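[1] below are the sequence and a predicted model; questions follow.
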Amino acid sequence: MKKYSKETSVGVFVLVCLLCVGYLTIKLGKMEVMGDNTYSVYARFTSITGLRVGADVEVAGVPIGKVASIRLDTEDGRAKVSLAIRKDVTLSDDVIASVKTSGLIGDKYIKLSLGGSPELLGDGDEITETESAVDIEELISKYVFGGV
Amino acid sequence: MADHNGWDIRMENLVLGYDDTVVLDNISASLPAGKISVILGGSGDGKSTLLRHVLGLKRPMAGKIFLGPHSLFELSSGQFRKVRRRMGVLFQDGALLGSLTLGQNVALPLTEHTKLDAATVESIVQHKLALVGLDKYADYYPNQLSGGMRKRAGLARAIVTDPPILLCDEPTSGLDPINSAQMDKLLLDMKQHFPDMTIIVVSHDLQSLYTIADHVLVLHAGKAVYNGGLEPLRQTTDPYLRQFLDRSAGDMQTPDLRLGQEARDALRAWLDK
Amino acid sequence: MRTLAVLSEMGAMFLFLLHGLVNIFTSTKQLRKIVHQMYFIGSKSLLVISLIGIFTGMVLGLQGYYTLVKFGSEGLLGAAVALSLIRELGPVLTAIMVTGRAGSSMAAEIGVMRISDQIDALEVMDINPISYLVSPRFAAAIICFPLLTAVFDVIGIIGGYLTGVALLGINPGIYFYRIESSVNSHDIYEGFLKALLFGVIVATVSCFQGYYTHMRKDGVGPEGVSNATTSAVVMSCVLVLITDYIVTSFLL
Ligand SMILES: Nc1ncnc2c1ncn2[C@@H]1O[C@H](COP(=O)(O)OP(=O)(O)O)[C@@H](O)[C@H]1O
Ligand SMILES: [Mg+2]
């Protein structure tokens, strides 16, 4: 009887813990979960100040993907950003990508504004129309020191 | 090692001690197989120390210990373990594992080293515990028992494998006269039952010495002062041995027992407060 | 001279660790002992870990809120709470709590066994004391530390929710959204790696101190055991914090 209860309590302990481990790794650690349900498109920006890998990609405020990688394209000196977009979301080829900020000093994210073109973007295609990040600090200092 | 006719224990020029204090110096003795040898000595004379070395728990500073044909500290570790498996040991305070019941303690060598089924182990344990009069206490933990009971349980554990060499550190100290006598009888019965068994008993209990000893090794002040049969020891004229055997205080002068006047006044004041 | 002693103690402890690890899987009987130790290190620590976790989370919620609200970014509270819990506070506080609860008693229990000849008795019964006493504790600590840390993290996040959302009125959706979007698999990995290392450290130090109680220079018998216990707790905590710094600086 005594032995039984000790082993049961270890069992319960492990179960409770595994639930927590599961929450942390699957829900928060995610990454793998999105895995194959995405396709990637590219976009070039003159400036993406503050944008980080993993930032959201949103359409009308709805998250539809993540920033997968950020590189500097040495040929034209612009930032080449790869976006992982959920497969169930289709984008026309005249979509506009812009780097936006949530809140005053909040995170940067990428906002897509849908266009009306019948041509759709496929895996590996590039978004041609982009708007770069607005540098708030620069704006503020221009305002303060009278540059505007 | 199967051809086993009992192993004697021989010590050659042993020097034993801790760090840099020598406890026993140049001990040479032989304890015969198939007999009960009693190691006698006052407390602090190094009886337990000698035992720890015979068990191979500590290496001697110099000299050798032979168990039968094997020189204990010159064996490979595999052989050493094989030799040590043949020893059953009762430590001075029993050394039962505090986290196990008496039954589990006694069963330990069997459950750890054999694949015997639980029922067989259980019946062996019950039998051994009954031998030391503790069969009703199988489910008690060591700290629920008296020192004497722990000692008896320790003996049950020591003999659970019917070892060819049995070593007991002060098996009768702390036991009441009846239990002491029963312990002595148990050792004698063991000797009768297992004619090859070499039994070493550390003791300073004279009654037990006269009852069980075939052979006696007396340690005193770092030396082996006697090594031989029981009868010659009875007739000895050596002053220390006589004093020991006659339980006499010798010519010890007790210094003044009374406290000084100042201390007595201070204590009186406290007692009357 | 002193550094040499410290170095040789570290070396001895490392060998002790290896010795304990290789003896984990010596027989199927080990499993029972491991479960027994998991009961002791894990199950019995669950309550206190939850308690510490919830209060740590609640404090983080309060402090974080009043710091972030100055910048108008209280929406980031979830991220602040979760990241500090998962990367730092979870593993470290869990390790320190379990050191106090289980590490100290490992040292004391093994120390008592040493001074009452129980370890010698095991040895003469041809039972390897390391594999009998130490290995199951190592295995259990290696399993339990990450598990307890996970519980601490999750309960801490709930604690942050209690103060941040229930008390101070942050939008619950934002709270969890911020957690999910800011924590990535690297943070989780860092947290678990730390918990694992801390488990190894605490179990090694505690068992080592108990096992070699009889070699101590600062006390024999019961005093030796008490000093061994103290050393186990102090040394575990110090090593945990040093390791935490090293791991953090390597992984950042
Ligand atoms: N661990 C130890 N370290 C140092 N000295 C010890 C230790 N154990 C025993 N001694 C010393 O060895 C001597 C013999 O002790 P012991 O063998 O226990 O005596 P006994 O004959 O009563 O069993 C004593 O003087 C004791 O102080
Ligand atoms: Mg002794």
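    Yep, it's here. Since the structure is predicted, the reported quantities are computational estimates derived from the model, not experimental observations. Ligands and ions are numbered 1, 2, ... in the order given.
[2] can you classify A:Tyr109 by secondary structure?
    Recorded secondary structure, A:Tyr109: strand (DSSP: H, G, I helix; E, B strand; the rest coil).
[3] tell me, how many residues neighbour it?
    A count of nearby residues for A:Tyr109, using other C-beta atoms under 10 Å in any protein chain shown, gives 21. Bear in mind the C-beta positions are built from the backbone N, C-alpha and C, glycine included.
[4] okay, now B:Lys273: neighbour count?
    Each residue near B:Lys273 was counted by other C-beta under 10 Å, and the total is 5.
[5] and it, what helix or strand is that in?
    Under DSSP states H and E, no helix or strand contains B:Lys273.
[6] tell me the pLDDT at the nearest residue to B:Arg152 once chain neighbours are set aside?
    What sits nearest to B:Arg152 in space, not counting adjacent residues and going by C-beta to C-beta, 6 or more residues apart in numbering or on different chains, is B:Val132, at 3.9 Å. Looking at B:Val132, its pLDDT reads 87.
[7] can you read off the pLDDT for the residue lying farthest from the centre of chain C?
    For chain C, the largest distance from the centre (C-alpha atoms, centre = their mean) belongs to C:Gly72, which lies 36.3 Å off. At C:Gly72, the model reports a pLDDT of 79.
[8] and it, how far from A:Thr90?
    C:Gly72 sits 36 Å away from A:Thr90, going by C-beta to C-beta, to the nearest Å.
[9] try C:Val6
    Distance, C:Val6 to A:Thr90, by C-beta to C-beta: 65 Å.
[10] who's more crowded, these two?
    Set C:Val6 next to A:Thr90 and count neighbours by other C-beta under 10 Å: A:Thr90 wins out with 13 against 9.
[11] please identify the helix or strand for the nearest residue to B:Leu57 once chain neighbours are set aside.
    Nearest non-adjacent residue to B:Leu57, counting by C-beta to C-beta, 6+ apart: C:Asp120, 5.3 Å away. Remark: C:Asp120 resides in helix C:118-124, with elements defined by DSSP H and E.
[12] what is the very next helix or strand once past that helix packed up against?
    Using DSSP H and E, the next helix or strand after helix C:118-124 towards the C-terminus is helix C:129. Secondary-structure packing of helix C:129 (3 or more C-beta pairs under 8 Å, 6 or more residues apart in numbering or on different chains; DSSP states H and E): helix C:118-124.
[13] so which elements touch the helix it packs on?
    Using 3+ C-beta pairs under 8 Å, 6+ apart, helix C:118-124 sits against strand B:87-90, helix C:104-115, helix C:129.
[14] B:Ile39 reaches B:Val201, doesn't it?
    Yes: if you go by C-beta atoms under 8 Å, B:Ile39 and B:Val201 touch, sitting 7.1 Å apart.
[15] between the two, tell me which one has more neighbours.
    It is B:Ile39, of B:Ile39 and B:Val201, that has more neighbours when counted by other C-beta under 10 Å, with 30 against 25.
[16] the helix or strand bottoming out on mean pLDDT in chain A and chain C in contact?
    Lowest on mean pLDDT, DSSP states H and E among the helices and strands of chain A sits helix A:136-144, with a mean of 75. No: contact of helix A:136-144 with chain C (C-beta under 8 Å from any C-beta of the partner chain) is absent, the minimum separation being 12.8 Å.
[17] residues near residue 24, how many?
    In the absence of a named chain, this looks at chain A. Around A:Leu24 sit 25 other residues, with neighbours defined as other C-beta under 10 Å.
[18] actually it's chain C I care about, not the one you picked
    17.
[19] just confirm it contacts C:Ala139, I think it does.
    Yes: using C-beta under 8 Å, C:Ile24 is in contact with C:Ala139, at 4.9 Å.
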